[in-house]
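Colleague: next input, structure requested:
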Amino acid sequence: MSYLYAALLGAALAVTVRVGLPGLPFLLAAIVLMVLHMLRRREQDLSPQNDTERWIFGTYANWALYNCEFIPDNSLMPRYDSTPILLGGRRGPCNSAEQRQYFLNMLDSPWDIHSKRELLETVEYMSTGPGFLRCRTQADRAWELCRCTQLLAIAFRLGWISRREMVKRSCRVGKLIQKTFSGWQEMSESFLSRCLQWMEAPSLGADMRRAVHKALWLRPDSPYNLPWDLPLE
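Modeller: Just a heads-up that it's a prediction; the model follows:
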């Protein structure tokens, strides 16, 4: 497809050179198509593209790697040390029917979220509203804030918000996370503690969450290697 757009641009330039100003609309149309194509490819690339996106991923990495590998009744042990780091956790292709239904089901239960508006309202409730203000422990605060960036990643995977909006809103939450915790260790351990309580450990799911937590500290590409106070812009 990239070759097609390059050929189109070449043809547009040739037309413009041959016929002058009348060929300008054709050239502009070709440029617009190429820009739209590049933007579409960026939206569909699920790998974090920069340190900001990697840092944001780190706030919900335990959930993401767990959901990327988890298959009910699968006897194979997931390899969290090599599980791909992808926005929203699940493997692509982006916006496939199967993936879309997976995320819609997840929002339906246990979140009871069925629209973009409900999702964004939930994020506000848990980050700057009563959901966060009523927290009494660091574990509770990690549970509220880290699931906000998780929800925003899901909104992006569903096409409810653009990648740019996901990053912008996630940075707002990320700054609150930076102020609330001293570093990756406190944040990740606080989240894991509350997660295990929610999963009613001991259980297979709880063991897998512990495995994810351990792997995240050992992976060379772990977002936990990034500076905790990375400027989020």
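Colleague: now the element after the lowest-mean-pLDDT helix or strand in the chain, going C-ward?
Modeller: Sorting the helices and strands of the chain by mean pLDDT, DSSP states H and E puts helix 24-44 at the bottom, at a mean of 42. For helix 24-44, the following helix or strand on the C-terminal side (DSSP states H and E) is helix 51-59.
Colleague: show me what counts as buried in that next one.
Modeller: Thr52, Glu53, Arg54, Trp55, Ile56, Phe57, Gly58, Thr59 (16 or more other CB atoms under 10 Å). For glycine as for every other residue, the C-beta is placed from the backbone atoms N, C-alpha and C.
Colleague: next: stretch 134-150.
Modeller: By 16+ other CB under 10 Å, the buried positions in stretch 134-150 come out as 135, 138-150.
Colleague: give me the below-cutoff pLDDT ranges for the protein.
Modeller: 1-13, 15-16, 20-44, 70-77, 94 (pLDDT under 70).
Colleague: apply 80 and report the result again.
Modeller: 1-44, 69-78, 92-95, 201 (pLDDT under 80).
Colleague: care to break it down by domain?
Modeller: 2-41, 47-225 (automatic domain parsing).
Colleague: most tightly surrounded among those?
Modeller: domain 47-225 (a mean of 17; mean count of other CB atoms under 10 Å).
Colleague: quick check: end-to-end length of it?
Modeller: 17 Å (CA to CA, to the nearest Å).
Colleague: and stretch 205-222, how far from the chain's centre?
Modeller: 18 Å (CA atoms, centre = their mean, to the nearest Å).
Colleague: next: stretch 84-100.
Modeller: The answer for stretch 84-100 is 10 Å, by CA atoms, centre = their mean.
Colleague: can you offset everything so residue one is 29?
Modeller: Let's use 29 as the start, then, which means that last one is stretch 112-128.
Colleague: tabulate the domains of the chain (JSON lines), appending distance to Glu261.
Modeller: Below are these laid out as JSON lines (distance: least, CB to CB, whole Å):
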{"stretch": "domain 30-69", "distance to Glu261": "20"}
{"stretch": "domain 75-253", "distance to Glu261": "7"}
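Colleague: which of the buried residues of helix 79-87 sits closest to Arg222?
Modeller: Arg222 lies nearest to Thr87 out of the buried residues of helix 79-87, by CB to CB, at 13.7 Å.
Colleague: I'd assumed Leu173 was in contact with the closest one.
Modeller: Yes - counting by CB atoms under 8 Å, Thr87 does reach Leu173; the two are 7.4 Å apart.
Colleague: quick check: neighbours shared by these two?
Modeller: Common neighbours of Thr87 and Leu173, using CB atoms under 8 Å, 6 or more residues apart in numbering, are Val201, Ile205.
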